[in-house]
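**Q** Next come a sequence and a model predicted from it.
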Amino acid sequence: MASPNDRSSRRPSGGAKGAGPKRGSGSSKGGSSRSSDGRGGSKRGAEGYRERSAASSGGRKSGGAPRKYTKDKPASSGDRSRTQKSGVPSGRNIPDEPIPGNQSWGGLARKGALRATHDEKREYEEAQERALHDDELDEEQLAKRAERERRRVEREARTEALRAEAKTAVQRAERNAAAKPKRPKRAKPALERKPLGKGRSRNEDETTALTRLLGAQEAKKQLRKLRTAVESFESERYTDARKSLKSIADLAPSVPEVRELHGLTLYRMGRFRDAANELEAFRELAGSADQNPVLADCYRAQERWADVAELWEELADASPSADLVSEGRIVMAGSLADQGQIDQAIRLLEKGWKRPAKPQEHHLRRGYALGDLYERSGDLPRARALFDWVAQKAPDFVDVRSRLRNLR
C-alpha cells in the first residue's frame, strides 16, 4: 500500500497536464478541502503526518537526499578500549549514516559518496577484524608475519629502484638520440658496366642461337617452351612464364632474347633486383639500350639514383626511338622527384615538350607525368590543363578522369 506522501505526489488523473489541483494548495478546483488525517493537503494534516513519520523513523527526516555528516560523536569508554586494544586510532569514528550529502547534490554525486563511505566503513571493520585476529596469534606467528611484511617492503623498494633506473636510462638514450645529428643517406655508387658499342653485337636470332647451343632436337623443344612463355606473358600469367623462362635461361644463358623476356617477367612481378640482373645481361649480350627505361626503373625502385642517371644518359646518346627516349625521360624525372628535386624533374619533362594534335601513347604518358609533377609542386592550374588534355585525347587513360575531378 502506497504511503500518503506517495499519493499526494501523483498527478491527478482524468485531465491533461496541469489540469488538476496544485500540489500542496490545500484545495481542489471546486474549493472543497481534503481531510486532515494525513492523506489530504491541508497544513495541519501535513504537520501531523510529518510528526508521525519522524517518530517512526527515530527522529530523522524522511524523503530527499541523505543529510550531511554531523560532527563525530565522542566514542564511549567501551569503544575507546576496543580501539586501543585493536590498534585502530580512537579518533576515527565511522558514522552510522552511510550516505553523506544533501538535496542539492545530483544522483551521481550521491552514488559516489555512498561508495566512498561504504569503502571507508569496510576498511574500518577489516582493521578491527585483523586486530581481533592478532590477539589469537602467538609470538612466533606474529614474528613470521612481521618478517613477511619486511620482505615485501624490501621487494617493493627494489622494484621502485629498478623502475627509476630504467626510466633514467630511457631518458638518457632519448636525449642522446635527439642530440646526435642524423647522417644523410649515402648515395649508392653506380655499378660498373661496359659501354655499348655501335649497333647490335650479334646478328643471329633465338632459333639459330638455341640450335647452335643445344642441338636441333633440344632446340625445338626449348623453342616450344619459349613460345608458351610468350603467350603466358602476354596473358599476364607471369608466374607460368617465369617457370618456363628460368629453365631455358639455365640451359642457354647467352641467348639475349631469353634473358630479355625473363627480365621483363620479373619486372612485372615486382622482383626488381632479379629483373635488373637479367636486363643487365640482355644489355651486354645484345649491345642494346632498348630496355634501359625498364632497367632504370628497376634501379629507381632500389634507390640507386646514380645507375638511373647513367642509364638515362646512355639512352639519350643512343636515341633508339622517340618512344624509348620519352620513357627513359619519364623514369629519370621520377627519380629526381623521389629525391625531392621536383623543379629539376619538371624542367626535364618540359624540355622540348609540345602537345601534338594526334598524340601517341608516349605523348600521353609524358603529359600525364608532367601534370602529376605540376600537382605535386602546387601548380594546380597547369596540372588541371594537362590532365584535361589527356582526358580529351584518351578518356580511359589510367585514372586521369578521377585526377581531373579532384582538381575541380
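**A** Nice, thanks for sending it over. A quick note: this is a predicted structure, and the numbers were derived from the prediction, not measured.

**Q** Now residue 191: phi and psi?
**A** Its backbone dihedrals place residue 191 at phi -70, psi 150, with angles given as degrees, to the nearest 10.

**Q** And for it, the neighbour number?
**A** By the criterion of other C-beta atoms under 10 Å, residue 191 has 12 neighbours. In this view, the C-beta of every residue, glycine as well, is placed from N, C-alpha and C.

**Q** distance of it from residue 277?
**A** Here the distance between residue 191 and residue 277 works out to 11 Å (C-beta to C-beta, to the nearest Å).

**Q** can you check residue 394 too?
**A** Counting by C-beta to C-beta, the gap from residue 394 to residue 277 is 35 Å.

**Q** Over to residue 302?
**A** On the measure of C-beta to C-beta, residue 302 and residue 277 end up 12 Å apart.

**Q** Please apply the same query to residue 251.
**A** 18 Å.

**Q** the longest helix in the chain is where?
**A** What stands out as the longest helix in the chain, according to DSSP state H, is helix 139-179.

**Q** which other helices and strands contact the following helix or strand past that helix?
**A** With elements assigned by DSSP states H and E, the helix or strand that comes after helix 139-179 is helix 206-214. The criterion is 3 or more C-beta pairs under 8 Å, 6 or more residues apart in numbering; DSSP states H and E, and the helices and strands that helix 206-214 contacts are helix 216-234, helix 256-268.

**Q** Give me the buried stretch members for the next helix or strand after the shortest one, please.
**A** Meaning helix 256-268. Going down the chain from helix 256-268, the next helix or strand is helix 272-286, by DSSP H and E. Neighbour-count burial for helix 272-286, counted by 16 or more other C-beta atoms under 10 Å, picks out 272, 274, 275, 276, 278, 279, 280, 281, 282, 283, 285, 286.

**Q** Next, format these as CSV and append pLDDT and distance to residue 347.
**A** Compiled in CSV, these are given as follows (pLDDT from 0 to 100; distance: C-beta to C-beta, whole Å):
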residue, pLDDT, distance to residue 347
272, 97, 27
274, 97, 34
275, 97, 29
276, 97, 27
278, 97, 33
279, 97, 28
280, 96, 29
281, 95, 34
282, 95, 31
283, 95, 28
285, 93, 35
286, 92, 32
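
**Q** and which of those is nearest to residue 407?
**A** Residue 407 has its nearest neighbour among the buried residues of helix 272-286 in residue 272, at 31.3 Å by C-beta to C-beta.

**Q** just checking, residue 274 touches residue 264?
**A** No: at 11.6 Å, residue 274 does not count as touching residue 264 under the criterion of C-beta atoms under 8 Å.

**Q** Any stretches of the stretch 51-200 of the chain with poor pLDDT?
**A** Residues of the stretch 51-200 of the chain meeting the criterion pLDDT under 70: 51-120, 128-137, 177, 179-185, 198-200.

**Q** Mind doing that once more with 90?
**A** Counting by pLDDT under 90, the stretch 51-200 of the chain shows low-confidence ranges at 51-191, 194-200.

**Q** In CSV, list the C-alpha atoms belonging to stretch 253-271.
**A** Taking C-alpha atoms only, stretch 253-271 is exported to CSV below (Å, rounded to 0.1, in the frame of the first residue of the first chain):
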residue,chain,number,x,y,z
PRO,A,253,72.2,-18.2,-70.7
SER,A,254,73.9,-16.5,-73.6
VAL,A,255,70.7,-16.0,-75.7
PRO,A,256,69.7,-12.4,-75.2
GLU,A,257,66.0,-12.8,-76.2
VAL,A,258,65.5,-15.3,-73.4
ARG,A,259,67.2,-13.1,-70.8
GLU,A,260,65.2,-10.1,-72.0
LEU,A,261,61.8,-11.8,-71.7
HIS,A,262,62.8,-13.3,-68.3
GLY,A,263,63.8,-9.9,-67.0
LEU,A,264,60.6,-8.2,-68.2
THR,A,265,58.6,-11.0,-66.5
LEU,A,266,60.4,-10.5,-63.2
TYR,A,267,59.9,-6.7,-63.5
ARG,A,268,56.1,-7.2,-63.9
MET,A,269,56.2,-9.5,-60.8
GLY,A,270,57.9,-6.7,-58.8
ARG,A,271,61.1,-8.6,-58.3
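
**Q** contact partners of it?
**A** Stretch 253-271 is touched from outside by 202, 205-206, 209-210, 213, 226, 229-230, 233, 236, 238-239, 241-242, 245-246, 248-249, 252, 272, 274-279, 281-282, 285-286, 288, 291, 294-295, 297-298, with contacts defined as C-beta atoms under 8 Å, 6 or more residues apart in numbering.

**Q** Of those, just the buried ones, ChimeraX syntax please.
**A** Here the buried members of the contacts of stretch 253-271 are turned into a ChimeraX selection, burial being counted by 16+ other C-beta under 10 Å:
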select :206,209,210,226,229,233,238,241,242,245,248,249,252,272,274,275,276,278,279,281,282,285,286,288,291,294,295,297,298
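
**Q** could you pull out the helices for the stretch 301-408 of the chain?
**A** Listed in chain order, the helices of the stretch 301-408 of the chain (DSSP state H, counting those that start in this stretch) span residues 305-318, 322-338, 342-350, 361-377, 380-393, 400-407.

**Q** In terms of mean pLDDT, which of the ones you listed ranks lowest?
**A** If you rank those by mean pLDDT, helix 400-407 sits at the bottom with a mean of 92.

**Q** List the buried residues for that one?
**A** Neighbour counts over helix 400-407 (16+ other C-beta under 10 Å) mark 400, 403, 404, 407 as buried.

**Q** Of the residues you listed, just say which sits nearest to residue 154.
**A** The closest of those, once distances to residue 154 are taken by C-beta to C-beta, is residue 403, at 68.3 Å.

**Q** Give me the nearest residue to the closest one, chain neighbours excluded.
**A** residue 387 (5.3 Å; C-beta to C-beta, 6 or more residues apart in numbering).

**Q** from what I can see the one you found touches residue 371, true?
**A** Yes: the pair residue 387 / residue 371 is scored as a contact, 4.8 Å apart, by C-beta under 8 Å.

**Q** Those two: who's more crowded?
**A** For the pair residue 387 and residue 371, the greater number of neighbours falls to residue 387 (28 against 25), based on other C-beta under 10 Å.

**Q** in which helix or strand would I find residue 296?
**A** With the criterion set as DSSP H and E, the secondary-structure element containing residue 296 is helix 292-301.

**Q** the inter-axis angle of that helix versus helix 256-268?
**A** 40 degrees (axes from the mean of the first three to the mean of the last three C-alpha atoms, to 10 degrees).
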